[in-house]
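Novice: no sequence on hand, only this structure:
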C-alpha cells in the first residue's frame with residue numbers, strides 16, 4: 001500500500017497542475033474596473049512599443065506556441081491587474097525591455113513547468129541506467145527544479161536590463177552632443193531635441209524620439225517626458241537631464257554649456273566603467289592561467305611523488 005502512495009500523489013499533483021494550466025490558458029474575461037484601468041494607463045503612458053530581442057524571439061515561435069503564450073500572458077495580465085500585483089522590483093527592468101507583467105509571469109510559469117517535467121525524466125533515465133531510486137525521488141527533484149525554473153527568468157531579466165541600461169547611457173551621451181550642436185545652429189530646445197532624436201533608428205534613439213513625439217501629442221514638455229521615461233526605465237541620467245533642462249530652459253547658451261559638460265562627464269564615466277570591466281576580465285584570465293599552470297605542475301610532479309612515496313614505504 002505504501003508503494004502506491006507516491007505514484008498516486010504524483011499523478012494527483014500532475015493532474016492539478018494540468019487543470020490549473022488549462023484554466024489560466026483560457027481567454028480571460030476582465031471586469032469593467034480592469035478595462036478602465038488599462039485605458040487610463042494607456043492614455044497616461046509616455047512609452048511606445050519598440051522591438052526588442054525578446055519580441056524578436058517571441059515572433060519567431062510557431063503559430064500555436066505564439067498564440068498560447070499570448071493567451072497565457074493576457075490571462076496573467078488580467079490577474080495581475082485585478083489583484084493589484086505591481087511587481088515594483090521588476091517594473092523598471094520590464095519597462096526598458098518592453099515586456100509586460102503578464103508576459104513575465106507567463107515566462108516564469110512555463111519555465112517552472114518545463115523544469116518540473118525534467119525531474120521524472122531524469123529519474124526514469126537513472127532507473128534505466130540501473131540505479132535503484134525510490135518513488136519519492138521524482139517528486140522531490142521535480143519540485144526543486146520547478147522552483148529553480150520559476151526564479152530563473154528573474155535573474156535573466158536583471159542581467160538583460162542592466163545590459164540595455166548601459167547601452168542607453170551611451171546613447172544619451174551622444175544624444176546630448178547632438179542637441180548641443182542643434183542649439184548652436186539656432187534651433188530652439190524642443191526642435192533641437194526632436195532633430196537630435198531623428199538621426200538614427202537604434203532602439204534607444206527610437207525610444208527617445210517616440211517619447212518626445214508623445215509629449216507633443218499629450219501636451220507635456222519634452223523635458224518632463226524625458227524625466228518620466230528615465231523614471232520608468234530606471235535611468236538616472238535621463239531624470240537628472242530633465243531637471244537640468246527645466247532649470248535652464250530659458251537660456252540657450254547655458255543649456256549648450258550644460259549639455260556639453262554633461263555629455264563629457266557621461267563619456268568619461270562610460271570609459272572608466274569599460275576600463276574597470278576590462279580589468280576584471282584580465283584578472284579572471286590571470287587566475288584561470290594560474291590554475292592551469294598549477295594543475296599542469298601537479299600533473300608533472302604526481303608520478304615522481306608517487307614513486308618516492310612507494311620507495312619510502314618499502
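Specialist: Sure thing, it's come through. Just so you know, these numbers come straight off a predicted model, no measurement behind them.

Novice: give me the contacts around stretch 269-285.
Specialist: With Cβ atoms under 8 Å, 6 or more residues apart in numbering as the contact definition, stretch 269-285 has outside contacts at 166, 169-170, 173. C-beta here means a position set from N, CA and C on the backbone, and glycine is covered the same way.

Novice: in PyMOL, select just the buried ones from those residues.
Specialist: Buried residues within the contacts of stretch 269-285, by 16 or more other Cβ atoms under 10 Å, are selected in PyMOL with:
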select buried, resi 169+173
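
Novice: and residue 16, how far from residue 148?
Specialist: Residue 16 sits 20 Å away from residue 148, taking Cβ to Cβ, to the nearest Å as the criterion.

Novice: between these two, who's got more neighbours?
Specialist: Shown here are residue 16 and residue 148; by other Cβ atoms under 10 Å, residue 148 has more neighbours (14 against 10).

Novice: show me where pLDDT drops low in the stretch 1-150 of the chain?
Specialist: Within the stretch 1-150 of the chain, the set of residues satisfying pLDDT under 70 comprises 1-11, 13-14, 17-64, 130-136.

Novice: hey, where'd the helices end up in it?
Specialist: 2-25, 32-44, 53-59, 63-83, 88-96, 101-128, 136-184 (DSSP state H, counting those that start in this stretch).

Novice: repeat that for the stretch 201-314 of the chain.
Specialist: In the stretch 201-314 of the chain, the segments counted as helices under DSSP H, counting those that start in this stretch are 203-218, 222-233, 236-247, 252-313.

Novice: comparing the ones you listed, which comes out most buried?
Specialist: Comparing the helices of the stretch 201-314 of the chain by mean neighbour count (mean count of other Cβ atoms under 10 Å), helix 222-233 ranks first with a mean of 21.

Novice: now do the helix or strand residue 194 falls within, average pLDDT.
Specialist: When elements are defined using DSSP states H and E, residue 194 is found to belong to helix 189-196. Model confidence over helix 189-196, given as mean pLDDT, is 86.

Novice: buried stuff in it?
Specialist: Judged by neighbour count using 16+ other Cβ under 10 Å, the buried positions of helix 189-196 are 189, 192-196.

Novice: I'd like the helices of the stretch 201-314 of the chain laid out as JSON lines, including mean pLDDT and distance to residue 126.
Specialist: Putting those into JSON lines (pLDDT from 0 to 100; distance: least, Cβ to Cβ, whole Å) gives the following:
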{"stretch": "helix 203-218", "mean pLDDT": "89", "distance to residue 126": "46"}
{"stretch": "helix 222-233", "mean pLDDT": "89", "distance to residue 126": "46"}
{"stretch": "helix 236-247", "mean pLDDT": "81", "distance to residue 126": "51"}
{"stretch": "helix 252-313", "mean pLDDT": "78", "distance to residue 126": "31"}
